[in-house]
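Enquirer: test case, fold it:
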Amino acid sequence: MIRLMDQPLDMLQKDPYWNDELVKVTSCLVERQFPEKYRDQLSNVRFKVAMIQENSNGLIIAEKALKEKEALYEKHLSNANDTLEGLSKTREDLLKKLAEIQAQIQDVDAKITNLKKPFEKIQEKKTELGNQLSKIEKNKLQNEVDLKRFQEEELQEIDLFKGFEDNKIQLKDTLEEFLREIGE
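Expert: Sure, this is the predicted structure:
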């Protein structure tokens, strides 16, 4: 303590223990030099110095906690940046995959379009053949109707021919009878 009393105040501040020692030195000096009436004020000063010391210690602890939080924040920020870089790379990979898939879709669409053309031609041919089949069916029905009509006409002609044959036979018989009558 005596060592501290002989040093200037700025030297006391450089000493790591200056707070406690300063209070003790100040207390000794005040008790020696000042009368009893200032001792209450000294007690208030001591209390205030103690509060300042306590606040100073609290500030040191808060500063330490703040540095720890800053370090933790830096760590989280670094992790977030790493994650962001990973997500960015993943996004790029996904965009590449999407581009590949879109190219494949375009290929499939082109193949489908190419397959549609023959299919459409087949559909057209099918429709055309259906129309032709329909015409053939109509023609078949018409031919059947015509065949029946021709068969009926043939039967009529056969009947007519039979009638002519019968008439011919009758005429022949009549001619023979007439020739017999004339020849007689």
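Enquirer: now the helices for the protein?
Expert: Taking DSSP state H as the test, the helices found in the chain are 2-5, 9-14, 18-33, 39-183.
Enquirer: mean neighbour count, these: which tops it?
Expert: Mean neighbours per residue, mean count of other Cβ atoms under 10 Å, is largest over the helices of the chain for helix 18-33, with a mean of 14. In short, each C-beta sits where N, CA and C put it, glycine included.
Enquirer: what mean pLDDT does that helix get?
Expert: Mean pLDDT, helix 18-33: 58.
Enquirer: what's the pLDDT at the residue nearest the centre of the chain?
Expert: Nearest residue to the geometric centre of the chain (Cα atoms, centre = their mean): residue 98, 9.5 Å. pLDDT for residue 98: 94.
Enquirer: now it: how far from residue 73?
Expert: Using Cβ to Cβ, to the nearest Å, we find residue 98 at a distance of 35 Å from residue 73.
Enquirer: what of residue 157?
Expert: From residue 157 across to residue 73, the span is 118 Å (Cβ to Cβ).
Enquirer: what do you get for residue 180?
Expert: Look at residue 180 and residue 73: by Cβ to Cβ, they are 151 Å apart.
Enquirer: and residue 96, by the same measure?
Expert: 34 Å.
Enquirer: so where's the protein shaky on pLDDT?
Expert: 1-46, 184 (pLDDT under 70).
Enquirer: and with 80 instead?
Expert: Scanning the chain for pLDDT under 80 picks out 1-59, 62, 183-184.
Enquirer: name all residues that make contact with the residue nearest to the centre of the chain.
Expert: With contact taken as Cβ atoms under 8 Å, 6 or more residues apart in numbering, residue 98 is in contact with no other residue.
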